[in-house]
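Chemist: Build the 3D model from these lines:
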Amino acid sequence: MMPTLLAIPFPAIDPVLVEIGPLVIRWYALAYIAGIVLGWRLARRLATLKPVAATPEQIDDFVTWVTLGIILGGRLGYVLFYRPGHYLSNPLEALAVWQGGMSFHGGAIGVILAIILFARRHRLDMLALADRTTAVVPIGLFFGRLANFINGELWGRPTDVPWAMVFPHAGPEPRHPSQLYQAGLEGLALFALLMALVWNPAIRAKRGFVAGAFLAGYGVARLVGEFFRQPDAHLGFLFAGATMGQLLSVPMVLVGAWLMLRARPARGEAVA
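Modeler: Okay, the predicted model is just below:
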């Protein structure tokens, strides 16, 4: 193992961006805001590409549904997937979102429910709406992983690579900056892939293909990223040495592959 003296110093960035009296703005909150706002603006443009999935005004309304899905689903997913015993004994703490603890997989379920309910209410093509919505999700994932890095949380496993870092509260061992790996995989790489797909008229016409590519792509990226990330201390390694994040990602890969295989243009719809 590389001596700690040779590890790259962890950049001491204050998790709090601005603090004015009782007003506290954290980088993590800013990451959520940036991801939602930038994703919303891009989704407005994507939704109007043929075949049209929704109007810009409908996407404006949909942002509220998505935001609630992310927050409520993310929190509930964390409670159920990662610490059910703790919150069963302390149920009121499940409401304390400000104390941290969000699950991407729970947030994904929340967004899926938002898509289904919103599409039914407004009589929209659910799969087309899902394609345009999921194409922008990596923006939020990228900023979220950067916020994890700034907070010095969800650090990587011990390593001797030259770019290893010693994270606060993670002991003296140099570790993988796995948050940055995941920002690159789940954020930049997945975003580039989905943009290449959604801007292709022939692919875009195949309802559900882009959404399937997102699910499968994220699942693969998370499976890979988890090999470098330290498992949650209260869970450790689970079935066959896999982490909780990996176990939850396997169904995403399978469902995503199924969606891509069954994707077809709507009946009577010409492919450009």
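Chemist: Point out where the stretch 151-272 of the chain drops to low pLDDT.
Modeler: 267-272 (pLDDT under 70).
Chemist: what ranges do the strands span in it?
Modeler: 165-166 (DSSP state E, counting those that start in this stretch).
Chemist: now the stretch 1-150 of the chain
Modeler: Secondary structure of the stretch 1-150 of the chain (DSSP E, counting those that start in this stretch): strands at 8-9, 16-20, 23-26.
Chemist: So which elements touch the last one?
Modeler: By that I understand strand 23-26. strand 16-20 (3 or more C-beta pairs under 8 Å, 6 or more residues apart in numbering; DSSP states H and E). Just so you know, the C-beta spots here come from the backbone N, C-alpha and C atoms, and that holds for glycine as well.
Chemist: what about dumping the CA coordinates of the strand it packs on to PDB?
Modeler: Output in PDB follows, covering the C-alpha atoms of strand 16-20 (Å, rounded to 0.1, in the frame of the first residue of the first chain):
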ATOM      1  CA  VAL A  16     -21.400  25.200   3.000                       C
ATOM      2  CA  LEU A  17     -21.300  27.600   0.100                       C
ATOM      3  CA  VAL A  18     -23.000  30.500   1.700                       C
ATOM      4  CA  GLU A  19     -24.200  31.100   5.300                       C
ATOM      5  CA  ILE A  20     -26.100  34.300   6.100                       C
END
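Chemist: Remind me what that strand packs against, helices and strands.
Modeler: Contact partners of strand 16-20 among helices and strands, from 3+ C-beta pairs under 8 Å, 6+ apart: strand 23-26, helix 27-47.
Chemist: for the first one, the distance to its chain's centre please.
Modeler: What it means is strand 23-26. Mean-position distance between strand 23-26 and its chain equals 23 Å (C-alpha atoms, centre = their mean, to the nearest Å).
Chemist: Parallel or antiparallel, which strands does it pair with?
Modeler: Looking at strand 23-26 with DSSP bridges, its partner strands are strand 16-20 (antiparallel).
Chemist: contacting residues for Asp131?
Modeler: Ala53, Val198, Arg204, Arg207, Gly208, Phe209, Val210, Ala211 (C-beta atoms under 8 Å, 6 or more residues apart in numbering).
Chemist: any idea how far Ala213 is from the first one?
Modeler: Summarising the geometry, the distance separating Ala53 from Ala213, computed by C-beta to C-beta, to the nearest Å, is 16 Å.
Chemist: Verify the contact between Gly69 and Ala114 for me.
Modeler: Yes - using C-beta atoms under 8 Å, Gly69 makes contact with Ala114 at a distance of 3.7 Å.
Chemist: and Ser178, how far is that from Gly225?
Modeler: Taking C-beta to C-beta, one finds Ser178 at 6 Å from Gly225.
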